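Colleague: with the sequence up front, the predicted model follows.
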Amino acid sequence: MERLHPSDRPVLQAEALIAVLAAHEVRWVLCGSQVLALHGAKLVPNDLDVVPELSPENLARVAECLRSLNAVRAYLDGWGGATLAECEDWRVGAATAEALDWLYVTPLGMLDIVVEFAAPYAELMQGAIELEAAGVPYRACDPRKVLRALERRDRSKDAARRAEYARLRRELGVA
């Protein structure tokens, strides 16, 4: 697969990314705006938010998945603490939670490996539902957990989506 630039934003091909995660036997649960969209939120997710199980074996599979995708760290001015040059030079190295916790540019769209800003995998798996994409089963966390986590976020995209979050909270009975 081609290596993209850290500022590229390819169209998200969620089913294809899910298939690649499955091919590498990564244990993960879907969180973020994709979960809200699956439950009727009127928004267009920009990326696939993946919370991996943090065993060394699984993190090694995450790293191999990123290698196979020829992933590059995404550069967003003022986010993540890395310069554009650092994102351009980055290659998959250590298979640790700290090293892999980043938003990546891949030919199949943006893939966000979320560790710090999400509840742990085991917690998100409680109440998760099983879904299928392109014949591949995967798990999506309870949308109420996503909505509660978003209450603490203060990003510009969340400000633009607040009314939709509020509508979905009412619909799902989230206080």
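Modeller: Good, I have the coordinates. Numbering: from 1, shown residues only.

Colleague: would you map the strands across the protein?
Modeller: All strands of the chain, identified by DSSP state E, fall at 28-31, 47-52, 72-73, 102-106, 109-113, 129-133, 136-140.

Colleague: for those strands, give me JSON lines that also has mean pLDDT.
Modeller: Putting the strands of the chain into JSON lines (pLDDT from 0 to 100) gives the following:
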{"stretch": "strand 28-31", "mean pLDDT": "98"}
{"stretch": "strand 47-52", "mean pLDDT": "98"}
{"stretch": "strand 72-73", "mean pLDDT": "97"}
{"stretch": "strand 102-106", "mean pLDDT": "97"}
{"stretch": "strand 109-113", "mean pLDDT": "98"}
{"stretch": "strand 129-133", "mean pLDDT": "96"}
{"stretch": "strand 136-140", "mean pLDDT": "97"}
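
Colleague: who's the most centrally placed residue in the chain bridged to?
Modeller: Taking CA atoms, centre = their mean, the centroid of the chain lies closest to residue 49, which sits 1.4 Å from it. Here residue 49 shows beta-bridge partners residue 31, residue 112, assigned using DSSP bridges.

Colleague: hmm, residue 111 and residue 74 touching each other?
Modeller: No - contact criterion CB atoms under 8 Å: residue 74 and residue 111 do not qualify, at 9.2 Å. Any C-beta I mention is one placed from the backbone N, CA and C, and that applies to glycine too.

Colleague: ok, back up a step: figure out which of the strands of the chain is closest to residue 88.
Modeller: With CB to CB as the measure, strand 72-73 is the member of the strands of the chain nearest residue 88 (7.4 Å).

Colleague: so what secondary structure elements neighbour the closest one?
Modeller: If you count contacts as 3 or more CB pairs under 8 Å, 6 or more residues apart in numbering; DSSP states H and E, strand 72-73 packs onto helix 84-89, strand 102-106.

Colleague: so what strands line up beside it?
Modeller: Here, using DSSP bridges, strand 72-73 pairs with strand 102-106 (antiparallel).

Colleague: what's the partner strand in contact with?
Modeller: 1, 4-6, 8-10, 17, 47, 66, 69-74, 76, 80, 110-113 (CB atoms under 8 Å, 6 or more residues apart in numbering).

Colleague: and if you look at stretch 71-88?
Modeller: 3-7, 90, 92, 102-106, 110-111.

Colleague: how far does it sit from the chain's center?
Modeller: With CA atoms, centre = their mean, to the nearest Å as the basis, stretch 71-88 stands 16 Å off its chain's centre.

Colleague: ditto for stretch 91-106
Modeller: Worked out by CA atoms, centre = their mean, stretch 91-106 lies 12 Å from the chain centre.

Colleague: with that, I have no additional questions.
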